Structures are given as C-alpha cells and as structure tokens.
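Peer 1: any chance you can model this:
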Amino acid sequence: MELIAVSNIENQIISEEHITTSKGSFIEANTQEVSLSHLKRDCIIPVYSDNESTIAHSQFIDATKEVVQANFSDVRILEPNIRISHVIRGRVPSAIGKAVKELMPEEKTIYYQRCAFIIEIPSLTESVNNNSLSLTIGGVRSLNQENLYSKRNIEKFKVFIGFKNLVCTNLCISTDGLKADIRVSSIAELKDRINELIQSFDRERFLGNMERMSKHYLNEQQFAQTIGKMKMYQHLSPEEKVGKLALSVNDNQIGAMVRDYHSDPNFSKDIEKSINLWNFYNLMTGANKSSYIDSNLERNVNAFEFVNGLSDSMQNQSENWFLI
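Peer 2: Sure, this is the predicted structure:
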C-alpha cells in the first residue's frame with residue numbers, strides 16, 4: 001500500500017462552538033469527533049497497488065451531503081457530525097531515524113481507517129412518545145475492508161437514513177433505511193446509491209412502528225424474563241436459534257440495558273416498574289453506542305427488528321420465545 005500526501009498534518013479535534021453541526025455522540029466506542037476540514041487538509045489518502053486512490057472519507061461525506069441537499073433543498077441541513085477511529089500514523093521519508101519528540105508537524109502523516117458521520121435535518125422533526133426525532137442521513141467507511149495491496153476495483157460503503165432521538169442522540173434506523181453493502185467504483189455511482197436509498201425510504205411506516213412500541217409494556221417480571229432470554233440466546237446453537245428473533249447485542253450491552261432500566265433519566269422503568277417497548281428500544285440503541293464503527297449500524301437495525309418483533313407478538317398475542 002502506498003499513500004498520497006495531501007498536506008502537512010496536525011491532528012485537530014473539532015471544537016464545541018460549531019453551532020451548525022448536530023451535537024452529541026451518536027457513537028462512542030473508541031471514536032473521537034473531527035471536522036470535515038481536518039479530513040480534507042490534514043489527512044493523507046491511501047492508494048491501491050496501482051497507485052489509484054481510494055475514495056477519501058471527505059469525498060464520501062461531501063457526496064452524501066450533495067445528495068441530501070438535492071433531496072431536501074428547501075430546508076436547513078446541519079453540517080456533518082464526523083467520528084473516526086483506528087488512526088494510522090506515519091512520517092515523511094526525510095524524517096526517517098528521527099526521535100518521535102523531534103518530529104515537526106509537517107513530518108508527520110495521518111489517516112483514519114474507519115469513519116462514521118451523520119447529517120441532520122433539524123426542520124424535519126417527528127414526535128414519538130413525546131420524544132422529538134430529526135431526520136438524519138449518514139454513512140460508514142471502513143478501509144480495513146478494502147484490499148489496498150491489490151489493484152483498485154470496487155469500494156465498499158454503508159449508508160443509512162433514519163432519525164436521531166434529540167432526547168439522547170440515539171440513532172433509530174429501520175431495515176429499509178440501511179444499505180450496508182454498497183459497492184461502487186466511482187463517486188457518481190455512490191451518489192446514485194445514496195439517492196436510491198433516500199427515495200425508497202418509507203418514513204411513515206417506520207414512524208408508525210416506533211409509535212406502536214410505546215403502546216406495549218413489559219412489567220418487571222417480563223423485563224427480567226426477556227433480558228434473561230437475551231443472555232441465553234448468545235449461547236444457543238445455530239439450530240436452536242432457528243425460528244427465534246435474531247439478536248446481535250453482546251453481554252456487556254445487555255448489562256448496560258439492565259443498569260439503565262433502573263437509572264436512565266429518560267427511558268428507565270416507571271413508578272410501577274414497567275417499561276414500554278419504545279423505552280426498551282432506546283435502552284438497546286443507547287447500549288449500541290458502545291459498538292465499534294464496523295458493526296454499529298447493523299446492530300442498530302437489529303435493535304429495531306428485535307423490538308418490532310416483540311411488538312408484533314404482543315399485539316397479535318402470538319408466542320415469542322423471548323417473552324415466555
């Protein structure tokens with residue numbers, strides 16, 4: 001793998017006074033927030049063995065932003081909220097042999113293996129269970145999924161459209177709101193795939209399913225039963241998982257849900273120790289913030305599918321392994 005230098009490097013963490021950018025950590029695990037200008041000015045661009053460059057993180061974000069602006073031209077759109085992880089550091093050839101403490105800023109190179117971002121549309125806001133949700137589009141790029149030692153071919157991206165809960169910054173993403181395996185060879189193709197996702201997103205259906213969650217409750221015993229089955233599920237054989245709701249949260253995240261059932265200021269149990277499925281769903285999406293960039297979106301969608309499945313069973317009074 002070779003690298004194309006863009007400019008001198010100085011790691012820049014985004015400042016808090018950027019009032020045009022959506023606030024809050026939509027993902028927390030092993031990430032830090034950076035500005036788009038930092039990605040453009042200060043980061044080198046990895047290339048393939050034939051010296052063809054990858055589509056840079058900044059190009060991916062700009063492409064998404066352009067498509068969002070084209071689809072929502074009459075409303076205010078916030079600047080991207082960007083989080084990165086797995087920094088790859090290097091140095092220019094003239095700095096070979098220098099001690100780290102002697103390196104000048106212009107002798108250092110940097111890029112990020114993984115990048116996630118969201119673009120929020122604050123004027124397109126809905127309400128579920130008295131929580132305000134703003135329409136949000138975003139994506140994930142993981143360069144560890146690219147074979148940079150081969151010639152350039154197709155590149156992989158993940159893009160989503162859904163909502164950000166303004167109470168807690170949790171993301172709400174439905175099954176049809178995520179394209180987790182976009183494969184393109186150009187920015188033009190990438191824009192087309194992003195546009196297709198936005199155009200096909202069934203916002204009303206998603207909102208209806210989330211609103212329905214708020215109508216169904218688990219009492220303390222049912223909550224404990226469901227949590228116990230969630231822990232058991234991870235140890236079932238593939239054959240035993242057949243016919244059951246799929247679940248991708250890990251044991252630590254389930255533990256975080258139990259903790260927050262008791263203490264979360266927004267989604268904890270009520271005075272009768274019951275919890276509605278909307279709050280249960282937000283306990284899951286909140287716990288999912290500890291997932292790495294690579295798996296965050298898929299686990300977020302799984303949280304929706306899982307709780308929506310519980311909601312189906314409770315509404316139809318049908319048998320569900322997690323509830324019995």
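Peer 1: which intervals of this structure have sub-threshold pLDDT?
Peer 2: Confidence mapping of the chain against pLDDT under 70 gives the ranges 1-19, 22-23.
Peer 1: mind giving me the domain ranges of it?
Peer 2: The chain is divided into the following domains under automatic domain parsing: 2-201, 214-323.
Peer 1: format these as JSON lines; extra columns: mean neighbour count.
Peer 2: C-beta: built from backbone N, CA, C; applies to glycine. As requested, the domains of the chain are arranged in JSON lines below (neighbours: other Cβ atoms under 10 Å):
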{"stretch": "domain 2-201", "mean neighbour count": "17"}
{"stretch": "domain 214-323", "mean neighbour count": "17"}
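Peer 1: send the alpha carbons of the helix ranked longest in the chain over as CSV?
Peer 2: Of all the segments assigned as helix in the chain under DSSP state H, the longest by residue count is helix 293-316. The C-alpha coordinates for helix 293-316 follow below in CSV (Å, rounded to 0.1, in the frame of the first residue of the first chain):
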residue,chain,number,x,y,z
ILE,A,293,-17.9,1.7,13.8
ASP,A,294,-17.8,-1.5,11.8
SER,A,295,-20.8,-3.1,13.5
ASN,A,296,-22.8,-0.1,14.8
LEU,A,297,-25.3,0.4,12.0
GLU,A,298,-26.1,-3.3,11.6
ARG,A,299,-26.7,-3.7,15.4
ASN,A,300,-28.8,-0.6,15.4
VAL,A,301,-31.1,-2.1,12.7
ASN,A,302,-31.2,-5.3,14.6
ALA,A,303,-32.4,-3.4,17.7
PHE,A,304,-35.4,-2.1,15.7
GLU,A,305,-36.1,-5.6,14.2
PHE,A,306,-35.9,-7.2,17.6
VAL,A,307,-38.2,-4.8,19.4
ASN,A,308,-40.6,-4.6,16.5
GLY,A,309,-40.8,-8.4,16.6
LEU,A,310,-41.7,-8.2,20.3
SER,A,311,-44.3,-5.6,19.5
ASP,A,312,-45.8,-7.8,16.8
SER,A,313,-46.0,-10.7,19.2
MET,A,314,-47.7,-8.6,21.9
GLN,A,315,-50.1,-7.0,19.5
ASN,A,316,-51.1,-10.3,17.9
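Peer 1: and that helix, what does it pack against?
Peer 2: Packed against helix 293-316 by the contact rule (3 or more Cβ pairs under 8 Å, 6 or more residues apart in numbering; DSSP states H and E) you find strand 108-128, strand 131-142, strand 171-172, strand 178-184, helix 203-213, helix 277-287.
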